[in-house]
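Student: Pasting the sequence and the predicted coordinates here, then a few questions.
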Amino acid sequence: MATRARYRLYYWPTIQGRGELIRLAFEDAGARYVDVAREPGGMKAMMAFLGGHRPGLTPFAPPFVQVGRLVIAQTANILAFVAPRLGLIGDDEPSRVAAHQLQLTISDLVAEAHDTHHPIAVGLYYEDQKQEAQRRAADFVAARMPKLLGYLERVLAGNRAGKGRFLVGRAHSYVDLSAFQIMVGLEYAFPRAFKRLQPRLPLLGALRDRVAARPRIVAYLASARRIPFNEDGIFRRYPELDR
Ligand SMILES: N[C@@H](CCC(=O)N[C@@H](CS)C(=O)NCC(=O)O)C(=O)O
């Protein structure tokens, strides 16, 4: 259940990126939040935090979230903090530590997906590292994507308490929302490779479909708040990388 807290999310305003994992949690919980950089003057406010000109621990990079006096960065860390307040993880320590562990693995996957188009340097354009991107993407779709998604599929299969329906315990959690996002993101970026892989991921596919059917997620995905995938984000569709 959403609390009365007012959350201020700071993230790049034109991409889903890592910020989307936080947006999905807020949206699913019906939380009162502001996507600050999409508001007038919001980019300036975000840069002030990144420049260390605001109180609180200076974040290294977006996304970060302001909750009262706290300024919290690192996607998995933000989710570990907000999820209990949003009713998106159980009260017990085993559930929380399992969720955080899985979320950190999802962070690894997101970083590897990003590196398929930026294998050499974050500061260079994709066009400056296309050859290396092709080598990196070839390994990602052949080895890493099946291994990482296959791992999540095994976690679902092994979760007997949750009957293979949830990544953590017996109930929906923020990790399920993030799993939804990586499934739709990888399908967007690598449609051919994803189509080949999908039959080996029946439980993850069903999880994605269940999340997509949650009423608040349905409403969010249909709204202007959901930024379409594009070639500035983490999941980019470059057909030459999808062999
Ligand atoms: N490990 C961090 C990574 C944060 C990150 O790389 N943010 C990107 C946008 S998705 C960024 O703006 N990076 C700027 C930089 O690294 O200089 C997380 O999971 O939140």
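Tutor: Arrived safely.
Student: Residue numbers of the protein in contact with the ligand?
Tutor: Within the chain, the positions near the ligand by Cβ under 6 Å from any ligand atom are 17, 18, 61, 62, 63, 74, 75, 107, 122. C-beta here means a position set from N, CA and C on the backbone, and glycine is covered the same way.
Student: What are the boundaries of the strands in this protein?
Tutor: Secondary structure of the chain by DSSP state E: the strands cover 6-10, 32-35, 64-67, 70-73.
Student: any chance of those in CSV, with mean neighbour count and mean pLDDT too?
Tutor: CSV is the format used below for the strands of the chain (neighbours: other Cβ atoms under 10 Å; pLDDT from 0 to 100):
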stretch, mean neighbour count, mean pLDDT
strand 6-10, 21, 95
strand 32-35, 17, 96
strand 64-67, 23, 97
strand 70-73, 17, 98
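Student: Distance to residue 26 for these - can I get that in JSON lines?
Tutor: Formatted as JSON lines, the strands of the chain follow (distance: least, Cβ to Cβ, whole Å):
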{"stretch": "strand 6-10", "distance to residue 26": "6"}
{"stretch": "strand 32-35", "distance to residue 26": "4"}
{"stretch": "strand 64-67", "distance to residue 26": "9"}
{"stretch": "strand 70-73", "distance to residue 26": "13"}
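Student: If you count residues, where's the longest helix of this protein?
Tutor: helix 93-117 (DSSP state H).
Student: So which bits of that one are buried?
Tutor: For helix 93-117, a neighbour-count test (16 or more other Cβ atoms under 10 Å) marks 95-96, 98-100, 102-103, 105-107, 109-110, 113-117 as buried.
Student: What subset of the residues of the chain next to the ligand is buried?
Tutor: Neighbour counting over those (16+ other Cβ under 10 Å) leaves 17, 18, 62, 63, 74, 75, 107 as the buried ones.
Student: Please report how far residue 152 lies from residue 101.
Tutor: Residue 152 sits 12 Å away from residue 101, taking Cβ to Cβ, to the nearest Å as the criterion.
Student: How about residue 178?
Tutor: Residue 178 is 13 Å from residue 101, where distance means Cβ to Cβ.
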